[in-house]
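Participant: predicted model, plus sequence, below.
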Amino acid sequence: MIDTHILIWLLSDNNKLNWSIREDIEYFQHQYFVSVESLREIVILKSLKKISLSLDMVITYLQQFQIKILPIETCHVKELENLPNLVINGNMHLDPFDRMLIAQSIAEKYTLISSDGKFPYYQDYGLQLFVNEI
């Protein structure tokens, strides 16, 4: 499963994204998923003028590279309910987008591809993580 930042980097051709991840996705090496929660986050980021990507552009890319959109199911919400509120670097990690992606990844037993430094703290709770390293 691809987190929101990785998806944005894919779409914007950002060099922060590890070339092997981009190549793996663009050459259909594995099945990839994007949470509908990431789409919601992208729409919000665009409305706040933090990014310029349109939802249509994102959906076209996902279709072109056969990336499936993962809906939020009851089992994901139950996993979210059980997810601890971790204190990371002195702050409670309460980002609702991050937490849903983590919960979905755990519930589906998907590996989450991310560059977020907070995500490794959830590996003790069942998160399978692939860290994007440049």
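Facilitator: Right, received. Where do you want to start? All of these numbers come straight from a predicted model, not from anything done at the bench.

Participant: and residue 134, what's its pLDDT?
Facilitator: If you check residue 134, the pLDDT there is 63.

Participant: counting by contacts, list what the helix or strand of the chain with the lowest mean pLDDT packs against.
Facilitator: Within the chain, confidence by mean pLDDT, DSSP states H and E is lowest for helix 19-26 among all helices and strands, at a mean of 88. Other helices and strands packing on helix 19-26, by 3 or more CB pairs under 8 Å, 6 or more residues apart in numbering; DSSP states H and E, are helix 4-12. No exception for glycine: its C-beta is placed from N, CA and C like everyone else's.

Participant: recalculate using a threshold of 10 Å.
Facilitator: Packed against helix 19-26 by the contact rule (3 or more CB pairs under 10 Å, 6 or more residues apart in numbering; DSSP states H and E) you find helix 4-12, strand 111-114.

Participant: averaged pLDDT, stretch 55-67. What do you get?
Facilitator: 95.

Participant: then it to PDB, C-alphas only?
Facilitator: Once non-C-alpha atoms are left out, stretch 55-67 reads as follows in PDB (Å, rounded to 0.1, in the frame of the first residue of the first chain):
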ATOM      1  CA  LEU A  55      -8.300  14.400  -8.100                       C
ATOM      2  CA  ASP A  56      -8.900  13.600 -11.800                       C
ATOM      3  CA  MET A  57      -5.100  13.500 -12.400                       C
ATOM      4  CA  VAL A  58      -4.600  11.200  -9.500                       C
ATOM      5  CA  ILE A  59      -7.300   8.800 -10.600                       C
ATOM      6  CA  THR A  60      -6.000   8.800 -14.200                       C
ATOM      7  CA  TYR A  61      -2.600   7.800 -12.900                       C
ATOM      8  CA  LEU A  62      -4.000   5.100 -10.600                       C
ATOM      9  CA  GLN A  63      -5.900   3.600 -13.600                       C
ATOM     10  CA  GLN A  64      -2.900   3.900 -15.900                       C
ATOM     11  CA  PHE A  65      -0.700   1.900 -13.500                       C
ATOM     12  CA  GLN A  66      -3.400  -0.400 -12.300                       C
ATOM     13  CA  ILE A  67      -3.200   0.800  -8.700                       C
END
